[in-house]
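*Asks:* Turn this into a structure:
(one chain, ligands or ions: 1)
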Amino acid sequence: MTELRDLLARTTEHALTYLDGASDRPVRRQVSAGELVAALGGPVPERPSDPAEVVDELARAVDPGLVVTNAGRYFGFVEGGVVPASLAADWLTSVWDQNPAFSALSPAATAAEEVCRGWLCELLSLPGTASAGFTSGAQLANLTGLAAGRHHVLRAAGWDVEADGLFGAPAVTVLAGQERHATVDRALRFLGFGTRSITPVPVDDQGRMRPDELERALGRGPAIVCAQAGNVNTGAADPLRRIGELTRAHDTWLHVDGAFGLWAAAVPELAHLTDGAELADSWAVDGHKWLNVPYDCGIVLCAHPDSHRAAMGLSAAYLARGGGRDGSDWSPESSRRARVFAVWAALRSLGRSGVAEMVRTCCAHARRCAELLASYEGITVLNDVVLNQVLIRVGDDDARTRAVAEAVQVEGATWLGTTTWRGSTAIRISVSDHATTHEHIDEAVRAVLRAARG
Ligand SMILES: *Cc1c(COP(=O)(O)O)cnc(C)c1O
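*Replies:* Here you go, the predicted structure:
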């Protein structure tokens, strides 16, 4: 036990060294992928090694390839940071090594899932009876919500898709906004619909699905609509109330991909953005983005627990059922990590007001960043900054905009990515980390200006 104690103490030192140095590291890779492979690689180790040396070697080998996405200065993609309590809980999750697949395997993990299910419904203003699955991210949360929808609409049409598959099944219309996330297409691929079966619904200038267009596209027969809260470029949410009223009137399943945007519902002054979300049938939301828990965490919630479980449930004669919640009934995985402990710790430590404050502060930083940048000639803010996403363009020029992003990345004080928005190259700034401060925003703005003038 002393050996293990020493190993974990040493590991704590590695963790603290990394965290202490995080604010000074360049936010980009410092070596090539080949160098990293060489540092980690070599022939298959023939003999055992001392665990302490292994941990030292791992920390040393990967260090130049670690990108500090969680120290407040990383604004690429939509990358959350890590709140302290969830980091600590994530460590314990590995120590405990619980498997939430069955309550008999881990009554603790499945109980935490049940508690967090209720807390999340309340925080996001969703029906308190919704079922929840804890997934690796929003990709699998989208898959699960859409699978529940597939079951639900086909059962209503007299078809048992779990038993009979899709060959010969009644046709299902699938409608999704033109600006849907790529993971929606992939989820639909996995579910046997094929991406060509998606009817894209036109969107407005912020990427929001147009309800008048949806109404025109909705017909009779089994149908699934996939809406979005939080466009990865603009941060905009589809008009969920109008969409929800339409899907209800047409007996259609509505899934909301709210990977990060659904968190607006937890902030009183932002909740108008997701107004009507409760009319949907299923929702996907990330834990590892805006809730700032470590990676490997998404949540699917479903207003129809029977359909959710019919689509996902696992059964085999040897699988003892303890009577409590079995995690494998609610997500596509069987054995998996008890990722819920990090969610529980984040929610317990932040509380309702802390979650709202974290989301609110990120949005205020995004607004301020947009205002500062817009005040310079030659820089245009392309989106209405309603949430945490800012799109800018330099000199109304694709090549210049890309060059500015690249110069900022090379400098390494901050990291901004690029995207294409309505046919033009744009720099995308996402503020999703609780560690971001005013100074980090100033630093990012200065970096863009240096690059733009450079
Ligand atoms: C990030 C994101 C996803 C995918 O989430 P993962 O957690 O990466 O699986 C889906 N939809 C939207 C809108 C996103 O922003």
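
*Asks:* Downstream of the longest helix along the chain, the next helix or strand is which one?
*Replies:* The helix spanning the most residues in the chain, taking DSSP state H as the definition, is helix 340-374. Following helix 340-374 in sequence order, the next helix or strand is strand 379-381 (DSSP states H and E).

*Asks:* picking that back up, give me the packing partners of the longest helix of the chain, helices and strands only.
*Replies:* helix 84-96, helix 107-123, strand 379-381, strand 389-394, strand 424-430, helix 438-453 (3 or more CB pairs under 8 Å, 6 or more residues apart in numbering; DSSP states H and E). Every C-beta, even on glycine, is put in place using the N, C-alpha and C of the backbone.

*Asks:* Just the pLDDT for residue 336.
*Replies:* On pLDDT, residue 336 comes in at 97.

*Asks:* Tell me who's in contact with it.
*Replies:* By CB atoms under 8 Å, 6 or more residues apart in numbering, residue 336 lies in contact with 99, 100, 101, 136, 327.

*Asks:* out of the residues you listed, who's nearest the ligand?
*Replies:* Among those, residue 136 lies closest to the ligand (CB to the nearest ligand atom), at 6.9 Å.

*Asks:* If you tally nearby residues, what's the number for the residue nearest to the closest one when sequence neighbours are not counted?
*Replies:* Of all residues not flanking residue 136 in the chain, residue 296 sits nearest, at 5.4 Å (CB to CB, 6 or more residues apart in numbering). A count of nearby residues for residue 296, using other CB atoms under 10 Å, gives 17.

*Asks:* again, but for residue 422
*Replies:* Neighbours around residue 422, by other CB under 10 Å: 14.

*Asks:* Might one say that it is in contact with residue 205?
*Replies:* Yes. With contact defined as CB atoms under 8 Å, residue 422 and residue 205 form a contacting pair (7.5 Å).

*Asks:* residues contacting the most centrally placed residue in the chain?
*Replies:* Closest residue to the average C-alpha location of the chain: residue 286 at 3.6 Å, with CA atoms, centre = their mean. Neighbouring residues of residue 286 by CB under 8 Å, 6+ apart: 80, 137, 138, 141, 259, 260, 297, 298, 299.

*Asks:* farthest-separated two in these?
*Replies:* Using CB to CB, these span at most 15.0 Å, a distance reached by 80 and 141.

*Asks:* neighbour count winner among those two?
*Replies:* Set side by side, residue 80 and residue 141 show more neighbours around residue 141, with 33 against 27, by other CB under 10 Å.

*Asks:* List the residues that contact the residue lying closest to the more buried one once chain neighbours are set aside.
*Replies:* Nearest residue to residue 141 in three dimensions, chain neighbours excluded: residue 284, at 3.5 Å (CB to CB, 6+ apart). Neighbour list for residue 284: 138, 141-142, 144-145, 255-259, 298-300 [criterion: CB under 8 Å, 6+ apart].

*Asks:* And the buried ones among those residues, selectable in PyMOL?
*Replies:* PyMOL command restricting these to the buried ones, with burial defined by 16 or more other CB atoms under 10 Å:
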select buried, resi 138+141+142+144+145+255+256+257+258+259+298+299+300
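
*Asks:* now, which of the contacts of residue 284 lie close to the ligand?
*Replies:* When CB under 6 Å from any ligand atom is applied, the members of those adjacent to the ligand are 138, 257, 259, 298.

*Asks:* Tell me the residues of the protein that contact the ligand?
*Replies:* So the chain meets the ligand at 78, 137-139, 181, 183, 228, 230, 232, 257, 259-260, 286, 298 (CB under 6 Å from any ligand atom).

*Asks:* would CSV of these with pLDDT be doable?
*Replies:* Formatted as CSV, the residues of the chain next to the ligand follow (pLDDT from 0 to 100):
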residue, pLDDT
78, 96
137, 98
138, 98
139, 98
181, 98
183, 98
228, 98
230, 98
232, 97
257, 98
259, 98
260, 98
286, 97
298, 98
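
*Asks:* Out of the contacts of residue 284, which sit inside helices?
*Replies:* 138, 141, 142, 144, 145.

*Asks:* Deepest-packed of the helices and strands packed on helix 340-374, please.
*Replies:* For the helices and strands packed on helix 340-374, ranked by mean neighbour count under the definition mean count of other CB atoms under 10 Å, the leader is strand 389-394 at a mean of 25.

*Asks:* Are there helices or strands packed against it, and which ones?
*Replies:* So strand 389-394, by 3+ CB pairs under 8 Å, 6+ apart, packs with helix 340-374, strand 379-381, helix 398-411, strand 424-430, helix 438-453.

*Asks:* Now do that strand: distance to the chain's middle.
*Replies:* Taking CA atoms, centre = their mean, to the nearest Å, one finds strand 389-394 lying 21 Å from the centre of the chain it belongs to.

*Asks:* ok so, going back, which among the contacts of residue 284 gets closest to residue 400?
*Replies:* Nearest to residue 400 among the contacts of residue 284, with distances taken as CB to CB, is residue 259, at 30.6 Å.

*Asks:* Now do the same for the residue nearest to residue 141: helix, strand or coil?
*Replies:* Secondary structure for residue 284, judged by DSSP: H, G, I helix; E, B strand; the rest coil, is strand.

*Asks:* What's the per-residue pLDDT of it here?
*Replies:* The per-residue pLDDT reported for residue 284 equals 98.

*Asks:* Could you do residue 26 as well?
*Replies:* Note on residue 26: pLDDT of 89.

*Asks:* cool, residue 448 as well?
*Replies:* 97.

*Asks:* next one: residue 316
*Replies:* According to the model, residue 316 scores 61 on pLDDT.

*Asks:* roughly how far apart are whatever residue of the stretch 201-350 of the chain ends up closest to the ligand and residue 82?
*Replies:* Residue of the stretch 201-350 of the chain nearest the ligand, by CB to the nearest ligand atom: residue 259 (3.2 Å). Per CB to CB, to the nearest Å, residue 259 is found 17 Å from residue 82.

*Asks:* picking that back up, give the contact list for the residue nearest to residue 136.
*Replies:* Here residue 296 is in contact with 136, 137, 288, 337, 339 (CB under 8 Å, 6+ apart).

*Asks:* would a markdown table of those residues with neighbour count be doable?
*Replies:* Formatted as a markdown table, the contacts of residue 296 follow (neighbours: other CB atoms under 10 Å):
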| residue | neighbour count |
| --- | --- |
| 136 | 18 |
| 137 | 20 |
| 288 | 27 |
| 337 | 20 |
| 339 | 30 |
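
*Asks:* Out of those, which is nearest to residue 243?
*Replies:* Closest approach between those and residue 243, by CB to CB: residue 137, at 23.8 Å.

*Asks:* can I assume that closest one is in contact with residue 300?
*Replies:* No. With contact defined as CB under 8 Å, residue 137 does not reach residue 300; the gap is 10.5 Å.
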